[in-house]
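Colleague: Quick one, fold the following:
(chains A, B, C and D)
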Protein chains: 2
Amino acid sequence: MTSEELLALLAAIGHTQRLRIIGELAKGRVHVSELARRLSLSRPLLYMHLERLEKAGLVVGNLELSADGKAMKFIELAPFEVRVDVGTVLAVLREDEERAAADSGAQGSGGTTT
Amino acid sequence: MTSEELLALLAAIGHTQRLRIIGELAKGRVHVSELARRLSLSRPLLYMHLERLEKAGLVVGNLELSADGKAMKFIELAPFEVRVDVGTVLAVLREDEERAAADSGAQGSGGTTT
DNA sequence: CTCACCCGTAAGACAAGACTTACAGATGAA
DNA sequence: TTCATCTGTAAGTCTTGTCTTACGGGTGAG
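Modeller: Numbering: from 1, shown residues only, chains lettered A, B, ... in the order given. Okay, the predicted model is just below:
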């Protein structure tokens, strides 16, 4: 895991509204408008938060058609678990360095991959 | 743990520079100016980050006097470990509700405390 | 056709965070 | 005294993130 991924994840979870969203989704999948109603959030705002959560891989969205033919986007919580401690931090920093080294090393040859 | 505490912690760790700071401190305690030099950060900026880290309880600062009588603030990494998953989120949300309930319940009487 | 749902995005106001430059004070050494 | 260390903060800029308002289009029911 790179620092970029870790940061995306921490930033995604680290917000009051998004905690509430996760809390609500923990009860089960819901479509966007319904979710907005339950949390008293404007739909555009909710979209913004969902985008962030989705990018970090915390939720997954599925556009489906209901029985009466209306399009509905259902949001589902993706399982996640990260231990945050000194070891994790050191690990991502090391990963970053390795990637940087690999990138600069692969510039001339091109066969150093994997 | 309340959501406020969790958010402070996540926000504290969730930043590139602060990851680097933690990484450097993992090697051992350092005084501020030296730390700033190692990370190529301006001292005022480092102060800002340290303040955030300290508030979240991730680092501890100690003002000491060196052998030649100069004041030096040593920064030390505090042990920390948090598991971030759905359970954690639900736990802090529940904790929030309990606190809110306790606060509003204690307004009139004063004897309802646990 | 109008109403009540649903989807999605664009634009701009506003607040929070990150970062720089500049300052002020204290010590010991040359 | 002047220089090289260290401490700390205040002010202002710039960038990022949050949030609201205002649009656009689609479906089925009355």
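Colleague: With just CA atoms, put the longest helix along chain A into CSV.
Modeller: Longest helix of chain A, by residue count under DSSP state H: helix A:86-105. Extracted in CSV, the C-alpha atoms of helix A:86-105 (Å, rounded to 0.1, in the frame of the first residue of the first chain):
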residue,chain,number,x,y,z
VAL,A,86,3.7,3.3,13.4
GLY,A,87,4.3,0.1,11.5
THR,A,88,1.7,1.0,8.9
VAL,A,89,3.2,4.4,8.4
LEU,A,90,6.7,3.0,8.0
ALA,A,91,5.4,0.4,5.6
VAL,A,92,3.8,2.9,3.3
LEU,A,93,6.8,5.2,3.4
ARG,A,94,9.0,2.2,2.4
GLU,A,95,6.6,1.3,-0.3
ASP,A,96,6.8,4.9,-1.6
GLU,A,97,10.6,4.7,-1.8
GLU,A,98,10.6,1.4,-3.5
ARG,A,99,8.2,2.7,-6.2
ALA,A,100,10.3,5.8,-6.7
ALA,A,101,13.4,3.8,-7.1
ALA,A,102,11.7,1.4,-9.5
ASP,A,103,10.4,4.3,-11.6
SER,A,104,13.7,6.0,-11.9
GLY,A,105,15.5,2.7,-12.4
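Colleague: what's next to it, contact-wise?
Modeller: A:1-3, A:5-6, A:82, A:112-113, B:13, B:19-20, B:22-23, B:26, B:77, B:79-80 (CB atoms under 8 Å, 6 or more residues apart in numbering or on different chains). In this view, the C-beta of every residue, glycine as well, is placed from N, C-alpha and C.
Colleague: what about 6 Å?
Modeller: When contacts are taken as CB atoms under 6 Å, 6 or more residues apart in numbering or on different chains, the neighbours of helix A:86-105 outside the stretch itself are A:1-3, A:6, A:112, B:19, B:22-23, B:26.
Colleague: For those residues, which two are the farthest from each other?
Modeller: Taking every pair in the contacts of helix A:86-105 and measuring CB to CB, the maximum separation is 29.9 Å, between A:T112 and B:I22.
Colleague: okay, the two: which has more neighbours?
Modeller: Neighbours were counted for A:T112 and for B:I22 using other CB atoms under 10 Å in any protein chain shown; B:I22 has more, 21 against 12.
Colleague: which stretch of helix or strand covers the residue lying closest to A:L63 once chain neighbours are set aside?
Modeller: Nearest residue to A:L63 in three dimensions, chain neighbours excluded: A:K73, at 4.9 Å (CB to CB, 6 or more residues apart in numbering or on different chains). Under the criterion of DSSP states H and E, A:K73 resides in strand A:71-77.
Colleague: And the lowest-mean-pLDDT helix or strand in chain A, what's buried?
Modeller: Using mean pLDDT, DSSP states H and E, helix A:86-105 stands out as the lowest-scoring helix or strand of chain A, at a mean of 91. Under the neighbour-count criterion of 16 or more other CB atoms under 10 Å in any protein chain shown, helix A:86-105 has A:86, A:88-89, A:92-93, A:95-96 buried.
Colleague: Find out how far that helix is from the centre of the chain, if you would.
Modeller: When C-alpha coordinates are averaged (CA atoms, centre = their mean, to the nearest Å), helix A:86-105 and its chain have centres 21 Å apart.
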